[in-house]
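**Q** Sequence and predicted structure, then a few things I'm wondering about:
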Amino acid sequence: DVQEVVARFEREGRATAQLRSIHAARVIDVDTLPNGPPYIVMEFLDGLDLEAELKTVGAVPVEEAVDIVLQVAAAMAEAHAHGIVHRDLKPSNLFVCRVGDRRLVKVLDFGISKIEGDPRITASDQYFGTPCYAAPEQLRAASAADARSDVWSLGVILFELLTGRTPFEGNATAVIV
């Protein structure tokens, strides 16, 4: 449904625009062009996503893994304080930039986020997210996801950073079981 896609797109922009953490990709503008298509203007990021980096380097040292997770946790703490649940934290939605000699991690793609107090767009039995990173309750129904679901995903990311693989693999059915 085109209206649902547009509604999600606008929600992502407006939700992300609330976030001020250096660890969330900054949204500069959310609007609609005169001929109808919506758009989001975000800060320019120079670097690569964490998934691409992991494919190149594999597991990372403990100190580096902890640093990455703490940066993501800072962004998610602010998002959760605003009632925003990401619902799709995974390495490809974490962007790694360099600021001098410091690694800066930014959370991207709040496109399937759940915002407390907003009218529901997600049906209670609908599934969103990436199976090997999603919490069990989220795999059963996206509407059941809350801040704890993002914490679960962050734990899976930490596991992957330390071992080079996710703790659960397979399709959604295999992961749920």
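**A** Nice, thanks for sending it over. Since we're looking at a predicted model, the values are computed, not measured.

**Q** wait, what's in contact with the residue nearest in space to the middle of the chain?
**A** For the chain, L89 is the residue whose C-alpha lies nearest the centre (CA atoms, centre = their mean; 3.5 Å). Counting by CB atoms under 8 Å, 6 or more residues apart in numbering, L89 touches 72, 76, 107, 133, 150, 153-154, 157. Every C-beta, even on glycine, is put in place using the N, C-alpha and C of the backbone.

**Q** again, only using 10 Å
**A** Contacts were defined as CB atoms under 10 Å, 6 or more residues apart in numbering; by that measure L89 touches 72, 75-76, 107-109, 129-130, 133-134, 149-157.

**Q** quick one: which of the residues you listed sit in helices?
**A** Per DSSP state H, helices hold the following members of those: 72, 75-76, 149-157.

**Q** how about those residues in a markdown table, adding neighbour count?
**A** A markdown table is the format used below for those (neighbours: other CB atoms under 10 Å):
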| residue | neighbour count |
| --- | --- |
| V72 | 26 |
| A75 | 23 |
| M76 | 24 |
| S149 | 25 |
| D150 | 28 |
| V151 | 14 |
| W152 | 18 |
| S153 | 26 |
| L154 | 21 |
| G155 | 15 |
| V156 | 20 |
| I157 | 23 |
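
**Q** which one of those residues is nearest K55?
**A** I157 (14.4 Å; CB to CB).

**Q** Relative to D150, how far out is that closest one?
**A** According to CB to CB, to the nearest Å, I157 stands 10 Å off from D150.

**Q** so what sits against both of the two?
**A** 72, 89, 133.

**Q** who's in contact with E53?
**A** Neighbours of E53 in contact, by CB under 10 Å, 6+ apart: 47, 60, 68, 91, 94-96, 103, 161.

**Q** ok, now with 6 Å
**A** E53 sits next to V96 when contact means CB atoms under 6 Å, 6 or more residues apart in numbering.

**Q** and it, what element?
**A** Element membership for E53, per DSSP states H and E: helix 50-57.

**Q** all strands for this protein, in order.
**A** 27-32, 38-42, 47-49, 84-85, 94-99, 102-107, 114-115 (DSSP state E).

**Q** Let me have those in CSV, extended by mean pLDDT.
**A** Output for these, formatted as CSV (pLDDT from 0 to 100):
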stretch, mean pLDDT
strand 27-32, 88
strand 38-42, 87
strand 47-49, 94
strand 84-85, 88
strand 94-99, 93
strand 102-107, 93
strand 114-115, 66
